[in-house]
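Undergrad: okay, sequence plus prediction incoming.
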Amino acid sequence: MPRMIMGIESSCDETGVGLVRLADDGTVELLADEVASSVEQHARFGGVVPEAASRAHLEAMVPTVERALVTSGLGLPDVDAIAVTAGPGLTGALLVGVSAAKAYAAALGVPLYGVNHLAGHIAVDTLQHGPLPAPCLALLVSGGHTQLLRVDDIASKITEIGSTVDDAAGEAYDKVARVLRLPYPGGPPIDKAARNGDPEAIAFPRGMTGPRDAKFDFSFSGLKTAVARWVEAAEARGEAVPVDDVAASFQEAVADVLTAKAVRAADELGIDTLVISGGVAANSRLSALAAERCAAAGIELRVPRPRLCTDNGAMIAALGAHVVAAGAKPSALDISADPALPVSTISI
Ligand code: KG4
Ligand code: ZN
């Protein structure tokens, strides 16, 4: 069985390379996690520019692989398998990682595993907290996705039980940051501003929480619009916008809905472990409120450290290791990137 697995991630604006060691008992140990980000190139556009991201991946790929090898003290001949994000994500960006992974796999004569980025966000938690209990519930909150997932086996069975009907949670953070003239990506500056604000200053709407709404789906578009309208109205009155209070009140609305629905889903499905992951899981209020509500409901909460929550290569290496351990067949060398790969397809 392959022991050393290299993971390559390039679905959005982070070029990530991770190295993990898979032990006989199935535990996975992190050896290196190197990330090169092109986020600064996109900041002035307020969102990722796909063409620029692809070009940045091309430039960063080989140096990032080399940095990961140096950090781990390994050489390329020590690598036993290559895992790569096959989707979902930006097609051009994904293709850079998939092409690099194929080249490394072919040159080294090792198996290639094309894996799912979303499943990687969940698998990364095993690097910090050990094997996942089965089943567990995952709340995946990133720039592109907001989903509640039932995870029966991280290598082979993930079922969606709810998702956003419009914006992703991270997308709402990025759009609200723009309204508040905070930098892109919006999550970190809103998180910071919110610390000095009053979360009860403004009663922003909690989307999809009415009695007739799908109980495990989410909506953040109305919240985003409500924040924009509130700020416009304050500006029209010639008032200074209380950025800290708006940030705190918006953040409270997001954290409230996400945690209430996740705890309710765990309760109704009879699942006693909740994993929260993806870039928005790095949010301080989300993890604090989740800890409070999970403790009250008797649910064990697992949130990877912030560095593991945002896009990285370690998550792909970790998922690759679980897929290898499960005895899955390697991918063919002619696999393509799938920008819309569903979360239920964990490896291709
Ligand atoms: O998982 P990720 O790195 O990339 C995707 O797969 O989308 O998530 C990026 C998203 C961005 O929208 C960013 O604003 C958000 O995660 N984010 C945060 C925080 N850090 C990153 N949102 C809220 N609070 C944070 N501390
Ligand atoms: Zn992601």
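TA: Here it is on my side, so go on. Numbers count the residues shown, from 1 in each chain. Ligands and ions are numbered 1, 2, ... in the order given.
Undergrad: does the strand or helix carrying Ala260 come close to ligand 1?
TA: Secondary-structure element containing Ala260, defined by DSSP states H and E: helix 243-269. No. Figure legend: helix 243-269 not in contact with ligand 1 (CB under 6 Å from any ligand atom); closest approach 7.6 Å. All C-beta atoms are positioned from the backbone trio N, CA, C, and that covers glycine.
Undergrad: helices or strands up against that helix?
TA: If you count contacts as 3 or more CB pairs under 8 Å, 6 or more residues apart in numbering; DSSP states H and E, helix 243-269 packs onto strand 136-141, strand 146-153, strand 157-163, helix 169-179, helix 187-194, helix 221-236, strand 273-277, helix 284-297.
Undergrad: can you give me the strands for the stretch 1-150 of the chain?
TA: Secondary structure of the stretch 1-150 of the chain, counting by DSSP state E, counting those that start in this stretch: strands at 4-9, 14-22, 28-37, 81-87, 112-116, 136-141, 146-153.
Undergrad: between the ones you listed, which gets nearest to Tyr173?
TA: Closest of the strands of the stretch 1-150 of the chain to Tyr173 is strand 136-141, at 9.7 Å (criterion: CB to CB).
Undergrad: what residues does the stretch 51-200 of the chain have near ligand 1?
TA: Checking the stretch 51-200 of the chain against ligand 1 by CB under 6 Å from any ligand atom, the hits are Ser142, Gly143, Gly144, Gly170, Tyr173, Asp174, Pro185, Gly186, Gly187, Pro188, Asp191.
Undergrad: one more time with 8 Å, if that's ok
TA: 89, 117, 121, 141-145, 168-171, 173-174, 177, 184-188, 190-191 (CB under 8 Å from any ligand atom).
Undergrad: circling back to that earlier point, flag every buried residue along the helix holding Ala260.
TA: 243-259, 261-263, 265-266 (16 or more other CB atoms under 10 Å).
Undergrad: ok, now which ones touch Lys215?
TA: Contact partners of Lys215, counting by CB atoms under 8 Å, 6 or more residues apart in numbering, are Gly162, Lys261, Arg264, Ala265.
Undergrad: can I see the domain layout of the protein?
TA: Split into domains by automatic domain parsing, the chain comes to 4-124+312-325, 136-304.
Undergrad: quick one: stretch 206-224 near ligand 1?
TA: No. Stretch 206-224 is not in contact with ligand 1 by CB under 8 Å from any ligand atom; minimum separation 11.2 Å.
Undergrad: please name whichever of the strands of the stretch 1-150 of the chain is nearest to Lys329.
TA: Closest among those, once you apply CB to CB, is strand 112-116, at 9.1 Å.
Undergrad: most packed of the domains of the chain?
TA: Of the domains of the chain, the one with the most neighbours on average (mean count of other CB atoms under 10 Å) is domain 4-124+312-325, at a mean of 22.
Undergrad: how long is it end to end?
TA: 12 Å (CA to CA, to the nearest Å).
Undergrad: say whether ligand 2 is contacted by it.
TA: No. Domain 4-124+312-325 stays clear of ligand 2 (CB under 5 Å from the ion), getting no nearer than 5.6 Å.
Undergrad: so how far is that domain off the chain centroid?
TA: Offset of domain 4-124+312-325 from its chain centre (CA atoms, centre = their mean, to the nearest Å): 14 Å.
Undergrad: what average pLDDT does that domain get?
TA: Mean pLDDT, computed over domain 4-124+312-325, is 96.
Undergrad: returning to what we had before: adding distance to Ser287, write the strands of the stretch 1-150 of the chain out as a markdown table.
TA: Listed next are the strands of the stretch 1-150 of the chain as a markdown table, based on distance: least, CB to CB, whole Å:
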| stretch | distance to Ser287 |
| --- | --- |
| strand 4-9 | 23 |
| strand 14-22 | 21 |
| strand 28-37 | 20 |
| strand 81-87 | 25 |
| strand 112-116 | 24 |
| strand 136-141 | 11 |
| strand 146-153 | 16 |
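Undergrad: mind listing what the spatially most central residue of the chain touches?
TA: Taking CA atoms, centre = their mean, the centroid of the chain lies closest to Gly278, which sits 2.4 Å from it. Neighbour list for Gly278: His121, Leu140, Val141, Ser142, His145, Gly170, Cys309 [criterion: CB under 8 Å, 6+ apart].
Undergrad: look at it and report its pLDDT.
TA: pLDDT, Gly278: 96.
Undergrad: quickly note the distance from it to Leu223.
TA: For Gly278, the distance to Leu223 equals 18 Å [CB to CB, to the nearest Å].
Undergrad: ditto for Arg285
TA: Distance from Arg285 to Leu223, counting by CB to CB: 15 Å.
Undergrad: quick check, Leu223 in contact with Val254.
TA: Yes. Counting by CB atoms under 8 Å, Leu223 sits close enough to Val254 to count as a contact (7.2 Å).
Undergrad: what touches both of the two?
TA: Shared contacts of Leu223 and Val254 (CB under 8 Å, 6+ apart): Ala172.
Undergrad: before we move on, the earlier item: for the closest residue to the residue nearest to the centre of the chain other than its chain neighbours, give me its contacts.
TA: Counting by CB to CB, 6 or more residues apart in numbering, Gly278 lies nearest to Ser142, which is 3.5 Å off, once chain neighbours are set aside. Residues in contact with Ser142, defined by CB under 8 Å, 6+ apart, are His121, Ala168, Ala169, Gly170, Gly278, Gly279, Val280, Asp311.
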